[in-house]
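[1] A predicted structure for the sequence below; I have some questions about it.
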Amino acid sequence: MTQPGGADAPIEGGLVAEVEQMSAEERAEHFAEVAEVVAPDREISVDMGQTLLELDELTVQFGGLVALDHVSFSIKRGEILGLIGPNGAGKTTCFNAMTGVYRPTSGRVLLEDKPLGKAARHKITQLGIARTFQNIRLFAEMTALENVVVGADARHSTSVVGALLRLPKHHKEEKEAVDRAMALLEFVGIADRAAEKAKNLPYGYQRRLEIARALATEPKLLCLDEPAAGFNPAEKEELMGLIRTIRDDGYTVLLIEHDMKLVMGVTDRIVVLEFGKKIAEGVPAEIRENPAVIAAYLGVPDDDVA
Ligand SMILES: Nc1ncnc2c1ncn2[C@@H]1O[C@H](COP(=O)(O)OP(=O)(O)OP(=O)(O)O)[C@@H](O)[C@H]1O
Ligand SMILES: [Mg+2]
């Protein structure tokens, strides 16, 4: 297996150490520069507001169970779209159908007006959809940095296995890959633990690492499946801040999140699913007042609905 800098080479500590010495202001400035480094080739804001992804009457059935039932909605470039609904509503199934994990029983997913059809998962990654998982999936034995380097590779190679087995790259190319991965770790705020194995990272770091790895594929659309699950309120707020920064940097974000208060605070629009059907769509203020949504969430403590 090829690993950046050789199997046991220490990660160059200079950058991390430098950041730790910075004042909050210097850090903010530095991170703005880092954001440029992270995805230099990405076209941003070119046609902000146009439809990026469209679900057209998407249906996914598991045997007799209809997990998604003729669901249609679209995601506009540059927005943060919330996807909410009670447990089992079909939110994760939606991600799975969009990213090629499940084949739709009927209906279509279109990215930039082109149907994804039967495109395989890695192809969909290359086309520009990246995701994180409700249950964290990282390469446990790889360092944080290596996890991101592999993520970046997923964009170019045919499979992650291919990425792992690939021949050593030229030194310069490899250094660039490591620099970019490091910049991404800084961007999500976990560069101080870059050299640690993913399995040894604190839970919150693992969640952020998943985001960094997804960003490494330079996606047009970043799909986050309950990225703040298990976080305390302060950690959730911080993560929502990061999601806003990601959007401000030109990405489009689809966010599944259970905490209604957070969803209302961070999203531009919201789509609500219940029992596999779309029951509402609108800006947060509309969703908050929507009787069908209120009914779907009856029994949820007031704190979560506020
Ligand atoms: N692979 C599968 N095989 C069979 N049923 C499945 C499968 N995946 C999901 N389901 C079912 O589809 C329905 C929707 O599940 P899904 O995971 O999409 O819900 P969700 O909205 O993400 O819920 P949660 O908030 O609990 O994560 C559920 O009834 C679930 O049990
Ligand atoms: Mg789910």
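    Yes, it's here. Ligands and ions are numbered 1, 2, ... in the order given.

[2] Backbone dihedrals for P86, both of them.
    Backbone torsions for P86, taken as degrees, to the nearest 10, come to phi -60, psi 170.

[3] looking at it, it is touching G276, isn't it?
    No - shown here, P86 and G276 do not form a contact pair, counting by CB atoms under 8 Å, at 11.3 Å. Quick note: C-beta positions are derived from backbone N, CA and C, even for glycine.

[4] Show residues contacting whichever strand or helix holds R244.
    Using DSSP states H and E, R244 sits in helix 233-248. The contact list for helix 233-248, computed with CB atoms under 8 Å, 6 or more residues apart in numbering, reads 35, 78-80, 187-189, 204, 207-208, 211, 215, 222, 224, 227-228, 231, 253, 255, 259, 262, 265-266.

[5] which stretches of the stretch 1-150 of the chain have low pLDDT?
    1-48 (pLDDT under 70).

[6] Roughly how far does the residue in it that ligand 2 sits nearest to sit from ligand 1?
    Going by CB to the ion, ligand 2 is nearest to T92 of the stretch 1-150 of the chain, at 3.1 Å. Taking CB to the nearest ligand atom, to the nearest Å as the criterion, T92 is separated from ligand 1 by 3 Å.

[7] Quick one: the strands in this structure, in order.
    Counting by DSSP state E, the chain has strands at residues 51-62, 65-76, 80-84, 106-111, 114-115, 129-131, 221-225, 252-256, 269-274, 277-282.

[8] now the ones you listed as JSON lines including distance to A183 and mean neighbour count?
    Below are these laid out as JSON lines (distance: least, CB to CB, whole Å; neighbours: other CB atoms under 10 Å):
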{"stretch": "strand 51-62", "distance to A183": "24", "mean neighbour count": "18"}
{"stretch": "strand 65-76", "distance to A183": "26", "mean neighbour count": "18"}
{"stretch": "strand 80-84", "distance to A183": "22", "mean neighbour count": "24"}
{"stretch": "strand 106-111", "distance to A183": "26", "mean neighbour count": "17"}
{"stretch": "strand 114-115", "distance to A183": "30", "mean neighbour count": "11"}
{"stretch": "strand 129-131", "distance to A183": "17", "mean neighbour count": "26"}
{"stretch": "strand 221-225", "distance to A183": "17", "mean neighbour count": "24"}
{"stretch": "strand 252-256", "distance to A183": "19", "mean neighbour count": "24"}
{"stretch": "strand 269-274", "distance to A183": "30", "mean neighbour count": "23"}
{"stretch": "strand 277-282", "distance to A183": "36", "mean neighbour count": "17"}
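
[9] Compare those strands and give me the one nearest E174.
    strand 129-131 (22.1 Å; CB to CB).

[10] what's near enough to touch the residue lying closest to V263 once chain neighbours are set aside?
    Of all residues beyond its chain neighbours, the one nearest V263 is G82 (4.5 Å), with distances taken as CB to CB, 6 or more residues apart in numbering. Going by CB under 8 Å, 6+ apart, G82 touches 255-257, 263, 266-267, 269-271, 284.

[11] Other residues contacting stretch 88-103?
    Stretch 88-103 has contacts (CB under 8 Å, 6+ apart) with 53, 55, 58, 60, 67-69, 71, 83-85, 104, 109, 116, 118-121, 123-125, 129, 131, 134, 223, 225, 254, 256, 273-276.

[12] Go back to those residues and keep what's next to ligand 1.
    Contacts with ligand 1 within the contacts of stretch 88-103, counted by CB under 6 Å from any ligand atom: 67, 85, 134.

[13] Cross-check the contact I'm expecting between the second one and I287.
    No - applying CB under 8 Å as the test, G85 and I287 come out as separate, 11.1 Å apart.

[14] which residues do the two both contact?
    Each of V272 lies in contact with both G85 and I287 under the rule CB under 8 Å, 6+ apart.

[15] Which stretches in this protein count as helices?
    14-21, 24-38, 91-98, 121-127, 144-154, 160-165, 171-187, 203-215, 233-248, 260-266, 284-289, 291-296, 302-305 (DSSP state H).

[16] Show me what counts as buried in the fifth one.
    Across helix 144-154, burial judged by 16 or more other CB atoms under 10 Å covers 144-154.

[17] Now narrow these to whatever sits close to ligand 1.
    For ligand 1, no contacts are drawn from the buried residues of helix 144-154 by CB under 6 Å from any ligand atom.

[18] Show me what from the stretch 101-250 of the chain comes close to ligand 1.
    Residues of the stretch 101-250 of the chain lying near ligand 1 (CB under 6 Å from any ligand atom): Q134.

[19] Excluding chain neighbours, what is closest to the residue of the stretch 101-250 of the chain found nearest ligand 1?
    In the stretch 101-250 of the chain, the residue that lies nearest ligand 1 is Q134 (5.6 Å; CB to the nearest ligand atom). Closest residue to Q134 apart from its sequence neighbours, by CB to CB, 6+ apart: D225 at 4.4 Å.
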